[in-house]
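Undergrad: For reference, the sequence and a predicted model appear below.
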Amino acid sequence: MIQIPQAFSSTYAQARVKFLEAAATAGLTITSFSHPLLGKEAEDLAMDVALDGSPDAKELLIVSSACHGVEGYCGSGVQVFALHDQEWRDKAKAAGVAVLYIHALNPYGFSHLRRVTHENVDLNRNFQDFSKPLHEATANPGYTSLHDLLLPKEWPPTPENIAACADWMASRALKDSKNPDEASGLRAFQQAVTKGQYTHANGLFFGGNAPTWSNLTLRKVLRQYAQKCEKLAWIDLHTGLGPSGYGERIFACNDDAAAYARASRWWGNAGSPSGETPVTSIYNGSSASAFLTGLMWMAAYEEAPQAEYTAIAMEYGTQPVNEVLSALRADHWLANHPEASPELATQIKAQLLAAFYTDTDVWKGQIVSQARQSMFQAVDGLKS
């Protein structure tokens with residue numbers, strides 16, 4: 001067993017070494033899928049996969065990190081700690097549940113301190129059928145109306161830009177709502193910005209116009225490891241929404257009542273100070289997340305159709321949503337303005353990292369304890 005802070009890293013390169021060493025020490029076979037580009041430190045990039053358990057297991061749990069690159073600082077720490085956690089490994093082994101760790105779904109973003117892939121694509125909006133015209137449900141006129149405001153010609157935004165964004169929110173505020181975000185229009189702003197958009201390739205939350213490297217590689221992983229199980233569970237680790245340190249369990253399946261009830265039975269009853277951790281949903285508006293399109297977990301249905309599928313995204317809070325969105329705006333502005341001064345670039349990258357990773361021992365302890373609990377619950381659920 002290692003101490004919780006030791007499981008976390010200050011760079012992707014360090015995180016990858018810790019993961020590979022932990023998997024090797026645990027005696028696991030590692031498969032690495034090399035990325036075509038290099039990292040920030042000219043290091044090799046890869047989606048690394050380690051299976052703990054039988055490849056023929058009837059029940060499989062996936063624990064994945066860095067779907068949104070920079071969020072991998074959190075997710076990698078959870079995975080590294082789990083590989084050193086003998087009590088956890090014994091729990092899964094005794095139940096006959098195999099655990100598949102997918103480290104760095106988006107290694108480029110992890111290394112380069114970006115949330116998106118090297119194609120400037122939000123991986124969790126990229127799982128569309130691009131062989132056909134995109135369905136009208138993917139249209140996002142709200143984003144189109146905001147694009148130029150979100151990415152102005154200069155950064156930081158001018159007072160005029162700030163006022164224009166405030167006016168946009170005010171025009172969509174629900175004055176009779178008891179929810180402060182709805183009453184201020186912030187929720188409408190979040191929905192428009194984060195839903196996913198497929199029209200502005202240099203913009204925020206761009207879903208792409210073709211499957212990304214990470215999309216195609218993840219599908220290879222699922223075909224290799226998830227086509228023999230009868231039951232499949234998935235915990236995908238995220239950060240950036242909700243109260244600091246709290247791990248919201250967001251339902252990560254199709255809008256299916258039976259799957260939602262099953263996920264709620266598995267994960268919804270213990271752990272928070274109030275004694276419960278409700279499984280929230282983007283479908284009924286209970287989640288801190290907006291309704292999204294092109295979600296990554298849809299690949300589970302396509303690549304492992306034989307399995308009963310149950311999943312959550314563990315979404316850990318860091319900063320207020322308006323500060324997180326501001327950090328994302330700044331990072332996308334920087335990507336579109338390589339001529340920016342080194343001082344401003346450094347400031348923006350530090351702002352982005354802070355929006356998705358709280359580098360304190362207290363926060364890390366909250367993250368690991370809640371992830372560990374959700375993993376134990378997943379094993380019990382798979383065997384129920």
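TA: Perfect, I can see it now.

Undergrad: So, low pLDDT: which residues of the stretch 201-350 of the chain?
TA: Applying pLDDT under 70 to the predicted model, the residue ranges of the stretch 201-350 of the chain that meet it are 269-275.

Undergrad: buried residues in stretch 17-34?
TA: 18-20, 22-23, 26, 28, 33 (16 or more other Cβ atoms under 10 Å). Quick note: C-beta positions are derived from backbone N, CA and C, even for glycine.

Undergrad: From those residues, which land in strands?
TA: With strands identified by DSSP state E, the entries of the buried residues of stretch 17-34 that belong to them are F33.

Undergrad: Check which helices and strands the helix or strand hosting M47 sits against.
TA: M47 is located in strand 44-52, with elements delineated by DSSP states H and E. Using 3 or more Cβ pairs under 8 Å, 6 or more residues apart in numbering; DSSP states H and E, the elements in contact with strand 44-52 are helix 12-25, strand 29-38, helix 86-95, strand 97-103, helix 107-111, helix 213-225.

Undergrad: Parallel or antiparallel, list what pairs with the second one.
TA: Take DSSP bridges as the rule and strand 29-38 pairs in its sheet with strand 44-52 (antiparallel).

Undergrad: angle of the helix or strand that comes right after the partner strand against helix 213-225?
TA: Next along the chain after strand 44-52, taking DSSP H and E as the criterion, comes strand 59-64. Computed by axes from the mean of the first three to the mean of the last three Cα atoms, to 10 degrees, the angle separating strand 59-64 from helix 213-225 equals 160 degrees.

Undergrad: where along this protein do the strands fall?
TA: Secondary structure of the chain by DSSP E: the strands cover 29-38, 44-52, 59-64, 97-103, 231-244, 247-251, 279-280, 308-317.

Undergrad: I'd like the helices and strands packed on strand 44-52 laid out as TSV, including distance to A139.
TA: Putting the helices and strands packed on strand 44-52 into TSV (distance: least, Cβ to Cβ, whole Å) gives the following:
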stretch	distance to A139
helix 12-25	35
strand 29-38	31
helix 86-95	43
strand 97-103	31
helix 107-111	26
helix 213-225	21
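
Undergrad: For the ones you listed, state which one has the densest average packing.
TA: Compared across the helices and strands packed on strand 44-52, helix 107-111 shows the largest average neighbour count, a mean of 29 (mean count of other Cβ atoms under 10 Å).

Undergrad: Extract the CA atoms of that one and return them as PDB.
TA: Provided in PDB are the C-alpha atoms of helix 107-111 (Å, rounded to 0.1, in the frame of the first residue of the first chain):
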ATOM      1  CA  PRO A 107      -2.900  11.100 -23.600                       C
ATOM      2  CA  TYR A 108      -2.200  14.100 -25.800                       C
ATOM      3  CA  GLY A 109      -4.500  16.300 -23.700                       C
ATOM      4  CA  PHE A 110      -3.100  14.900 -20.500                       C
ATOM      5  CA  SER A 111       0.500  15.700 -21.400                       C
END
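
Undergrad: Show the average pLDDT along it.
TA: Model confidence over helix 107-111 averages 98 on the pLDDT scale.

Undergrad: one step back: same list (the strands of the chain) but as a markdown table, adding distance to R115.
TA: Compiled in a markdown table, the strands of the chain are given as follows (distance: least, Cβ to Cβ, whole Å):
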| stretch | distance to R115 |
| --- | --- |
| strand 29-38 | 16 |
| strand 44-52 | 16 |
| strand 59-64 | 16 |
| strand 97-103 | 17 |
| strand 231-244 | 8 |
| strand 247-251 | 17 |
| strand 279-280 | 21 |
| strand 308-317 | 14 |
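
Undergrad: Which one of the helices and strands packed on strand 44-52 lies nearest to H200?
TA: When those are ranked by proximity to H200, the top entry is helix 107-111, at 18.5 Å, counting by Cβ to Cβ.

Undergrad: Output the contacting helices and strands for the closest one.
TA: Here helix 107-111 is seen to pack against helix 12-25, strand 29-38, strand 44-52, helix 72-84 when contacts are counted using 3+ Cβ pairs under 8 Å, 6+ apart.

Undergrad: can you list these in CSV and add mean pLDDT and distance to H238?
TA: Conversion of the helices and strands packed on helix 107-111 to CSV gives the following (pLDDT from 0 to 100; distance: least, Cβ to Cβ, whole Å):
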stretch, mean pLDDT, distance to H238
helix 12-25, 98, 16
strand 29-38, 97, 21
strand 44-52, 98, 17
helix 72-84, 98, 8
